[in-house]
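Here's my sequence, what's the structure:
(3 chains)
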Amino acid sequence: MKTKKLVNITLHNLLLAFLAFIWLIPIVWLLVTSFSAYTGMNTSTFFPKEWSLNNYKNLLFSADSVAQFPNWFKNTFIIACCSCLISSSFVLMVAYATSCMRFKMRKPLMNMAVILNLFPGFLSMIAVYFILKTLNLTNNHLGLILVYSASSGLGYLIAKGFLDTVPASLREAAYLDGASEAVIFLKVVMPMSKPIIVYTVISSFLAPWMDFVFAKIILNAGISSQWTVAIGLYNMLERSLINTYFTQFCAGGVLVSIPISVLFVIMQKFYVEGITGGSVKG
Amino acid sequence: MKKKLLAALLTASMVATMLVGCGGSAEEAAPSTDAAQTETKTEETKTEAAETAPAEKQDVALRMWGAEEDQAMLQSMIDSFVANYADVANITVELGVESESTAKDVVLTDIEAAADVYAFASDQLPDLVKAGALQNIDEMDGALQAYAGKGVADVKSANASGSVDAATANGSLYAFPMSADNGYFLYYDSSVISAEDAKSWDTLLAAAEAGGKKVGMTFASGWYNASFFYGAGFTTGLNEDGTTSLDFNGSADYTGVEVVKGMLGIAGHPAFMAIADGDISNQIAGGSLAAVVSGTWDASAAQTAFGDGYAATKLPTYTIGDAQVQQGSVAGFKLVGVNAYSQNAGWAALLADWITNEDNQKIRFAEREIGPSNINAAASEEVAANIAISALAEQSAYGVVQVVGGNYWDPTSTFGEMIAKGELSADDEAGIQTALDNMVAGVTAPVQ
Amino acid sequence: MEKIKAGLNSFGKAIAGFFKEFGEAVVKGDIFVKLSLLWMGAGYVRRKQYIKAILITIFQIAVLAFTFGFAMEYVSKFGTLGTVRQESVFNIQTMKNEFNDYDHSFLILLISLITFVIWIVAIVAYFGNVISVYHLQKRAQQGLHINTFREDVHELINKKFHVTLLFLPVMGIVIFTIIPLLVMILVAFTNYDQHHMPPSELFTWTGITNFINLFGGGGMTITFGYAFVRVLAWTLVWAFFSTLTTYIGGILLSMLINNKKTKLPKMWRTLFIVTIAVPQFVSLLLVRNFFADGGIMNTICANIGLTGWLRDIGLISTSYIPFLSAPIWAHVMIILINIWIGVPYQMLIATGVLMNIPGEQLESARIDGATPRQIFWNITMPYMLFVTGPSLVTDFVKNINNFNVIYLLTTGVFVTTNQAMANSQAKETDLLVTWLFTLTQDYYNYKMASTIGIVVFVICAAFTLLAFNRMIKGDREEAFQ
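Prediction:
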């Protein structure tokens, strides 16, 4: 009986190990390629023939006109922080208004949001570009921050679902104590919404690191020191560059994913609570 | 109702900010002038302080785009340009990054925001001219005469005729030829394939098979697969209304069906490998190829992969019936154009001329091994000694300047893919003809 | 449908009520209310609300200044979208091009639309202002208290707090989502394409020609209709399978990890999450090369004889396995690769939901002798479905518009051999959203892209409305509070 159980457990964990193995193959490939001494793309062997730290060294310490990783990282970090601040507050503001308050336009506004979410965003890219240009915000990090965060209010649904679970009695008690709506929002509801705050912060923080389409259109002056990590790295895949920069591209990918993974691992618990708290009652 | 009122109030402030924003941009014709104006101001204060500069000296701010890997070299060319004209104008040039292969995409998104001077691959010229993004250089003749001591005619005669053709549209010059290296030819490993074998596809493929290696070429691209048709005397062109003219389904020296049968003979050979457009470098590095059709951008990859056997030559001949037909090619160039919406078109033209003149083309070759389009620069011994560039020069005798519209690309790459995948059969002439007709219908269709 | 009708009805009633109130205010209002029709601040001055009066006057001046100082120039050309083509003459003296005062069709369209939005807001504010002033008059007549400015502001963090909360987010949505969308909807009725690109060329209204081309067409020259149907079919198939597979995969994986037999569950979870952290344009690009025609996977398959075997049984005709370069193979591979991308996310969600399953229910089922399988199908799954149903629908819609996976896996790798598709710049693996991306980015065919975009939108909207109405019976949110 005991051995059977042991075998069972071993098999179970082996299955998991197998799955994890499959999931990690591309990641491992990324990692080993980033340590390759060869600069182009090597598709014939999994592990590089020669190992080297040069890609990281070049990327971090000897920026040239193609690879300015430290600059890009700084830009993206600033953009990500600002847009994450704006979007998180927008999302939470809309969520609170729609979840905890009752007013005449509430339902129409919510239906409107559902419909707007359906439209393919790429379509309006060119219009967004010209709006930013009219406001003199192209080739400007502020413009990019606005693009990432201005419409974020539309993604309020999960946060609203979470706030729906905050007992109304708490707010009523605060009312009776004479607290204003603003005080309830900031001092009563927000402290209880840590998971959903973490969730919104993480998801809005990620967007600037991943987007290579909008950023390229808005930062169109060709000043490579202004770029974000995503445009910079994506640019290394140009036909004339890929042979010399592919492994640096991989190294860049690794460097970007390290802070994001750390963020994820630390915040995992909140993230899960946030998204499920939200979708449970979505 | 107070709610609405307050909303209105808040809107008012928003409108006010918008007004400020719009008003600001309405004053300037283009965003580039903004930078220009501020820079001009600082320049002025500088000259006042110096009290030496002549009063009529013009202040000029330009922006220029060039390839990422050329930035340092371009910057030194700019420095020499600024120094050269220092006594006539105070020129400041801001250098930006934009790959020659994607310049069109960025320029056409917003021409008014694009750089004054930008480099691009010659196949983008028809689209750029059509969109009005390029300054007619013929109109700049006076400016060149006055400041550069040469005219447009001199530019035309200094560069290879193919490059001038590629920079010409509707009879006018629209860009300055910069380099003549954007075409393709055959790289091969001379330890597997002899120079004699490399002369025809049949012997080439046989030799590769004997050596257990493959010969690679991109079929699924109208840029590559048109080479077979050009070799057989077919042409492509652009009509007045912007549609493409194409006659691959008819006949030139041979019929289109015969050409396709020749292509099928190559594609069906076991030693042939059809490679996706973006995958050529990887495949060269992968080591399974003994020969490959590609351009100078893969020179270093080929050199590494083939080692001592590294060699290059013109494209081979292919078989139509009993005849051997020399494969043609697309003669591609890199050009430097002037933005039609530039605020300083005259100076921009001078800059474009400067970075493409004979001396700078020589520098470009010396530093980056980029093949010159300038006839004198190309005649040097160093250029002749460069394996890849001399192979390209050899092929250029069969090169065709490809002028086509946007609808050309997808139907032709699909046609190439059909051949590469073996979806057409050499016995089925009717099927081939239908496929050709479909392709021509798609390419020549008006833009919908 | 009834819901929509009811919604429209109530909307109509609200508007009618609004105008009725306005009429009453104009008729019964005193001289200051009537003066408010001209000078919006008048009524407030009468009630001594000076700050409000100043603010609303600024608003009025701003709107008027915007309209006559800036917008009219564009709005007046809205009917034609501009008539003056760009021309320039080079002046050798100044070394500059001298331009005429040319029209930019797109800016005319865009700024006209912005102006329309501002006008609508201004008109609503204008009517609302009169009504509000009339209310003040009534309060004054009845001898009731009239709020001071400070009290009004206080309202904004109390009863009217939602206005404060919603103002900026709604502003952002209007400027960065609604106006661009309206612009692109209008583009579908113009001939904005590569031959009519501002600033050098003008474009103009063409009615519903583009819709006719999309659904009509014919022959091999205009194949948008042909391509559209195929792309739409694959879009729906993809959205269905990608949603379903990642959903089920996520549940299974989370159950596997949360099983008591698992050692170090946290470590396993972390390993899977790492794949989320790598930007998709990096990881998908690597995966694409991994499965390329000449990539590692093909080398391995050839070495172990799989390629030869597949060729022998007639599944492939090429010397390699066309993982991402033949339609059926590519479709299957894309869905499989999407599992790789999507399951870790779903696993996170499922983990959270599974932890919330009421423990007693599971316990009593186990006591009753239910097998784990029965428990899964009869308790776990219904609970999961109940809880995550709405998010399934949003996932489906998200997948319809899933750009990254398809674009990164197929661009430059997959070339269609279907000539009719190729003649309208589509390919078998395209989703509607990637197709319209190609149309705008590579072919500048904005008019067709917008037309397709509108149709995609209609489909998504129909689906979501249907599904949401089925899944969410009644208003559940109140029940939870």
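
which residues touch residue A:272?
Counting by Cβ atoms under 8 Å, 6 or more residues apart in numbering or on different chains, residue A:272 makes contact with A:195, C:348, C:349, C:351, C:352. Using the backbone N, CA and C atoms, a C-beta is placed for each residue, glycine as well.

Helices of the stretch 1-150 of chain B, residue ranges please.
Assigned by DSSP state H, counting those that start in this stretch, the stretch 1-150 of chain B shows helices spanning B:2-27, B:31-50, B:71-84, B:103-109, B:125-130, B:141-148.

again with the stretch 251-400 of chain C
Using DSSP H, counting those that start in this stretch, the helices of the stretch 251-400 of chain C run over C:265-277, C:280-290, C:296-303, C:306-312, C:327-355, C:359-367, C:372-375, C:381-400.

Can you say which of the ones you listed is packed in most?
Mean neighbour counts were compared across these using mean count of other Cβ atoms under 10 Å in any protein chain shown; the top stretch is helix C:280-290, at a mean of 22.

Tell me the residues of chain A that contact chain B?
Within chain A, the positions near chain B by Cβ under 8 Å from any Cβ of the partner chain are A:38, A:40-44, A:64-66, A:126, A:129-130, A:133-136, A:138-139, A:217, A:220-224, A:235, A:238-244.

now, which of those lie within helices?
Among the residues of chain A next to chain B, the ones falling in helices (DSSP state H) are A:126, A:129, A:130, A:133, A:134, A:217, A:235, A:242, A:243, A:244.

what's near enough to touch the closest residue to residue B:377 other than its chain neighbours?
Ranked by Cβ to Cβ, 6 or more residues apart in numbering or on different chains and with sequence neighbours excluded, the top spatial neighbour of residue B:377 is residue B:361, at 4.2 Å. Residue B:361 makes contacts with B:178, B:179, B:372, B:373, B:374, B:377, as judged by Cβ under 8 Å, 6+ apart.

Just confirm residue B:361 is within a helix.
Yes: per DSSP: H, G, I helix; E, B strand; the rest coil, residue B:361 lies within a helix segment.

where does residue C:48 land in three-state SS?
At residue C:48, secondary structure determined by three-state DSSP is coil.

Roughly how far does it sit from residue C:55?
As for residue C:48, its distance to residue C:55 is 15 Å (criterion: Cβ to Cβ, to the nearest Å).

neighbour count winner among the two?
residue C:55 (22 against 11; other Cβ atoms under 10 Å in any protein chain shown).

For the residue of the stretch 51-200 of chain B found nearest chain C, report the pLDDT, please.
Closest residue of the stretch 51-200 of chain B to chain C, Cβ to the nearest Cβ: residue B:132 (2.5 Å). With respect to pLDDT, residue B:132 scores 91.

what's the answer for residue A:212, then?
Looking at residue A:212, its pLDDT is 87.

In this structure it contacts residue A:229, no?
No: between residue A:212 and residue A:229 there is no contact under Cβ atoms under 8 Å: 9.3 Å.

Of these two, which one has the most company?
Looking at residue A:212 and residue A:229 with other Cβ under 10 Å, you find the greater number of neighbours at residue A:229, namely 27 against 20.

Quick check: chain neighbours aside, which residue is closest to the residue in chain C that chain B sits nearest to?
Residue of chain C nearest chain B, by Cβ to the nearest Cβ: residue C:200 (2.5 Å). Distances taken as Cβ to Cβ, 6+ apart put residue B:132 closest to residue C:200, at 2.5 Å, once the chain neighbours are dropped.

just residue A:248 next, same as before
Nearest to residue A:248 is residue A:55, by Cβ to Cβ, 6+ apart, at 4.8 Å.

Which positions within the helix or strand containing the one you found qualify as buried?
Assessed by DSSP states H and E, residue A:55 sits inside helix A:54-61. Across helix A:54-61, burial judged by 16 or more other Cβ atoms under 10 Å in any protein chain shown covers A:54, A:55, A:56, A:58, A:59.

got those residues as TSV, with pLDDT columns?
Shown next, in TSV, are those (pLDDT from 0 to 100):
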residue	pLDDT
A:54	88
A:55	89
A:56	92
A:58	88
A:59	88
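
now that we have the ones in helices among the residues of chain A next to chain B, which one has the most neighbours?
For those, counting by other Cβ under 10 Å, the largest number of neighbours falls to residue A:126: 25 neighbours.

Could you measure from that residue over to residue B:406?
Look at residue A:126 and residue B:406: by Cβ to Cβ, they are 17 Å apart.

circling back: the residue of chain C closest to chain B belongs to a helix?
No: looking at residue C:200 with three-state DSSP, it is coil, so not inside a helix.

Torsion angles phi and psi at it?
Main-chain torsions, residue C:200, degrees, to the nearest 10: phi -80, psi -30.

cool, and residue B:329?
Main-chain torsions, residue B:329, degrees, to the nearest 10: phi -170, psi 170.

and if you look at the one 5 residues further on?
Listed backbone geometry of residue B:334 is phi -100, psi 130, with angles given as degrees, to the nearest 10.

So what pairs up with it in the strands?
On the basis of DSSP bridges, residue B:334 is bridged to residue B:121, residue B:179.

what's near enough to touch it?
B:100, B:119, B:120, B:121, B:122, B:177, B:178, B:179, B:181, B:182, B:370.

can you pick the most crowded of those?
Top of the contacts of residue B:334 by neighbour count (other Cβ under 10 Å): residue B:178, with 31 neighbours.

Report pLDDT for that residue.
For residue B:178, pLDDT reads 94.

residues contacting the residue of the stretch 101-250 of chain B found nearest chain A?
Residue of the stretch 101-250 of chain B nearest chain A, by Cβ to the nearest Cβ: residue B:106 (5.5 Å). By Cβ under 8 Å, 6+ apart, the residues touching residue B:106 are A:220, A:222, B:98, B:114.

Over to residue C:175?
When contacts are counted by Cβ under 8 Å, 6+ apart, residue C:175 is found next to A:131, A:150.

quick one: furthest residue from the center of chain C?
Going by Cα atoms, centre = their mean, the residue of chain C most distant from its centre is residue C:93, 51.3 Å out.

Most widely separated two among the ones in helices among the residues of chain A next to chain B?
The distance between the two most remote of those (Cβ to Cβ) is 40.8 Å, for A:134 and A:243.

was I right about residue A:117 contacting residue C:393?
No: if you go by Cβ under 8 Å, residue A:117 and residue C:393 don't touch, sitting 11.2 Å apart.
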